[in-house]
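Undergrad: with the input below, show me the fold.
(chains A and B)
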Amino acid sequence: MTTQPSTRSSSVVVTTAMFVAAVYFLLPVVWLAISATKSASDLSTTFGLWFSGNHLGQNLHDTVTFGDGLYLRWLANSALYSVVGAAAATLLSAMAGYALAKFSFRGRSFTFSAVLAGVLVPPTALAVPLFLMLAGAGLTNTAWSVLLPSMISPFGVYLARVYAAASVPDEILEAGRIDGAGDVRMFYTVSLRLMAPALVTIFLFQFVAIWNNFLLPLVMLTSDRLYPVTLGLYTLNTQITRDPDLKAVVVTGSLLSIIPLILAFLALQRFWRTGLAAGAVKD
Amino acid sequence: MVVAASRTAAGVPARPRVARRRRAGTSTRAAWLLLAPFLVGFAVFYVAPIVVAVVKSFTAVTRTSTYGRPVEVFAGLGNYTAALGDAGFTGSVGRVLLFGVVQIPVMLGLALVLALALDSAVVRLRRFFRLAFFLPYAVPGVIAAVMWGFFYAPNLSPVNQLLDPAGIHPDLLSGNVILYSIANIVTWTFTGYNMLILYSSLQAIPTQLYEAARLDGASGWAIAWRIKVPVIAPSLVLTGVFSIIGTFQLFTEPQVMAGVSSAVSSSYTPSMAAYAQISAQNYGLGAAMSVLVTLLIAILSWLFFRITRARAAL
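TA: The predicted structure is shown next:
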């Protein structure tokens, strides 16, 4: 393709606009990273977007030792809830989405409509009755109260159904049937592998949803030893006016808590991209 | 076939296939076997809580005497009339409506423009931009709100620090502005996510579809607005519906801002209003509010689908 002068100049304009947008999206995170290197008093007295002294070591130390390792405990809790919850949700979603995409049976469209309706239900409407139910079962203020509901993702089922329809060709299933392989076995041996990139996508989205979840742990948990990092930092943030020194812990803790997510996205971007543009059936 | 499959992958709801004749018995059993674990969880953690919420919304707690045991009694529509008569609750519904009318078009417009730009041939550093725009999605709502809360606080904000010498002292946490300050947090968090959905739909458009137009001399703009946007309209509708749902569920950001701004009341959004009632152990009233919000979301999503479908059919 030839590059005409007009294309080149519009390229400069559009790319400049993109840079402005990128500044908007990156600036708060840059501010957070810079602020994590400042002392609590420098936070309000020095310019926010430039460095002043180096207190990063001290801040990290204060954050890690806060409340006898309470902050680290929160991080570990978040990791536990997110990894276990997302892994279970991905498998359950894959099975259900695959069944909805690849089998025709009575009740299929009703089931799918019910699942879609589940996407529309606001978590606030669920969290509270769920609290009342789990309180009856003696499960509130336990890790289970956060873990179990996180394993069910109607949106994951929706995605899995879309991906299964796109990436598992009927021809393979027909061939498997002719060879006498059972449908469930075919799912675990063949289809699951074909859906793998999409499964990473579902896992990622559910991982982020659980890591970011705030309302469910807020309603369920009373013991701060069980808090995920979001709820822990929220609680600390509400105490800042009483104890301004906590500001440095909140800032540094916030920065630390988003690093795992950013790394996960960078490391796995190959997967979520292939997942989103899931392979087409070629015939 | 290729077109249909890849468009489906981009998040467009697939049309139910025509049922195919198959060895019905074993296949049906396999399907239910695969569905069972999810459906059990769905029944326990989605269906049952909704039933509980609806039942609770028709009950009230009364005591036989001042020190008597609390008894749950049927309250008819009492909780619903109480919710609709609660100025805090109805005000919160109006507030999220205003929020949605302003914030959703801004966010989706921005997402669409960024997606089109990334998809066009004229942008360099595509990989970097895609990551930069999507990065906020990896930041939890609580952290985003805490971060922006610092950014807005008059004594911490770099914006204020820059404007101070000019004698301008904006207070982004004050009563008139806070709603838009919250809208900015939501826009910051979710624009990249929506952009990615639209971008992957754009990437799935077969190039033959607009290569002919390009050879005929159509400009990049014309191709974008006349060919690409109509083709990805279903994805736009989808992001629109998800945004409406998200707006009515607004909770985390205002809840965090309530800690730093006195302009955010405990019933600032419908979800916060319901949560406040529950915290005060008014389960019946809180449940009625939750049910009302859910109904409103369902009606609005349905309306939105209807209107956009009717438009698309024209």
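Undergrad: quick one: neighbours of B:Val123, just the number.
TA: Neighbour count of B:Val123, defined by other CB atoms under 10 Å in any protein chain shown: 17. Backbone N, C-alpha and C define where each C-beta goes, glycine included.
Undergrad: try A:Ser113
TA: 10.
Undergrad: what strand or helix carries residue 89?
TA: You didn't say which chain, so I picked chain A. With secondary structure defined by DSSP states H and E, A:Ala89 is part of helix A:70-102.
Undergrad: nope, chain B
TA: Going by DSSP H and E, B:Phe89 is in helix B:87-119.
Undergrad: which strands and helices lie in contact with that helix?
TA: With contacts taken as 3 or more CB pairs under 8 Å, 6 or more residues apart in numbering or on different chains; DSSP states H and E, helix B:87-119 sits against helix A:5-35, helix B:126-134, helix B:178-204, helix B:233-248, helix B:270-279, helix B:283-313.
Undergrad: who's in contact with the residue most central in space within chain A?
TA: For chain A, the residue nearest the mean C-alpha position is A:Val208 (0.7 Å; CA atoms, centre = their mean). Contact analysis of A:Val208 by CB atoms under 8 Å, 6 or more residues apart in numbering or on different chains lists A:Leu261, B:Tyr137, B:Ala138.
Undergrad: now the second one: how far from A:Asp179?
TA: Yep, that's B:Tyr137 we're talking about. 43 Å (CB to CB, to the nearest Å).
Undergrad: higher neighbour count, those two?
TA: Taking other CB under 10 Å, B:Tyr137 and A:Asp179 do not tie; B:Tyr137 has more neighbours (23 against 8).
Undergrad: is it true that the more buried one touches B:Gly192?
TA: Yes: B:Tyr137 is in contact with B:Gly192 according to CB atoms under 8 Å; the separation is 5.4 Å.
Undergrad: any weak-confidence spans in chain A?
TA: Applying pLDDT under 70 to chain A flags the ranges A:1-8, A:270-283.
Undergrad: can you count the residues close to A:Thr189?
TA: 12.
Undergrad: got a list of what it touches?
TA: A:Ala181.
Undergrad: the one 3 residues further on now?
TA: Taking CB under 8 Å, 6+ apart as the contact definition, A:Leu192 lies against A:Ala94, A:Leu199.
Undergrad: for it, give its distance to A:Gly176.
TA: Counting by CB to CB, the gap from A:Leu192 to A:Gly176 is 13 Å.
Undergrad: for stretch A:182-200, buried residues please.
TA: The neighbour-count check on stretch A:182-200 (16 or more other CB atoms under 10 Å in any protein chain shown) flags A:183-184, A:186-187, A:190-192, A:194-200 as buried.
Undergrad: closest to chain B out of those?
TA: A:Asp183 (3.4 Å; CB to the nearest CB).
Undergrad: that closest one contacts A:Ser191, correct?
TA: No: between A:Asp183 and A:Ser191 there is no contact under CB under 8 Å: 9.5 Å.
Undergrad: okay, and the common contacts of those two?
TA: A:Leu173.
Undergrad: circling back: save the contacts of A:Val208 as a markdown table, and put in secondary structure and distance to A:Val29 too.
TA: Output for the contacts of A:Val208, formatted as a markdown table (DSSP: H, G, I helix; E, B strand; the rest coil; distance: CB to CB, whole Å):
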| residue | secondary structure | distance to A:Val29 |
| --- | --- | --- |
| A:Leu261 | helix | 11 |
| B:Tyr137 | helix | 12 |
| B:Ala138 | helix | 10 |
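Undergrad: closest one of those to A:Tyr98?
TA: B:Tyr137 (26.5 Å; CB to CB).
Undergrad: who touches that closest one in this structure?
TA: A:Val208, B:Thr189, B:Phe190, B:Gly192, B:Tyr193.
Undergrad: right, and chain A sits closest to which residue of the stretch 101-250 of chain B?
TA: B:Pro158 (3.4 Å).
Undergrad: what is the burial count for the closest residue to that residue other than its chain neighbours?
TA: Among residues not flanking B:Pro158 along the chain, A:Gly48 sits closest, at 3.4 Å (CB to CB, 6 or more residues apart in numbering or on different chains). Here the count is done by other CB under 10 Å, and A:Gly48 has 22 residues near it.
Undergrad: A:Gly48 reaches B:Asn155, doesn't it?
TA: No: A:Gly48 is beyond contact range of B:Asn155, at 10.5 Å (criterion: CB under 8 Å).
Undergrad: how close does A:Ile210 get to chain B?
TA: 10 Å (CB to the nearest CB, to the nearest Å).
Undergrad: got the contact list for that residue?
TA: Applying CB under 8 Å, 6+ apart, the residues near A:Ile210 are A:Tyr81, A:Ser82, A:Gly85, A:Ala86, A:Ser150.
Undergrad: which non-adjacent residue is nearest B:Val54?
TA: Closest to B:Val54 by CB to CB, 6+ apart is B:Val291, at 6.0 Å.
Undergrad: need the contact list for the one you found.
TA: A:Ala125, B:Ala53, B:Val54, B:Ser57.
Undergrad: A:Leu231: which of the contacts of A:Val208 is nearest?
TA: A:Leu261 (16.0 Å).
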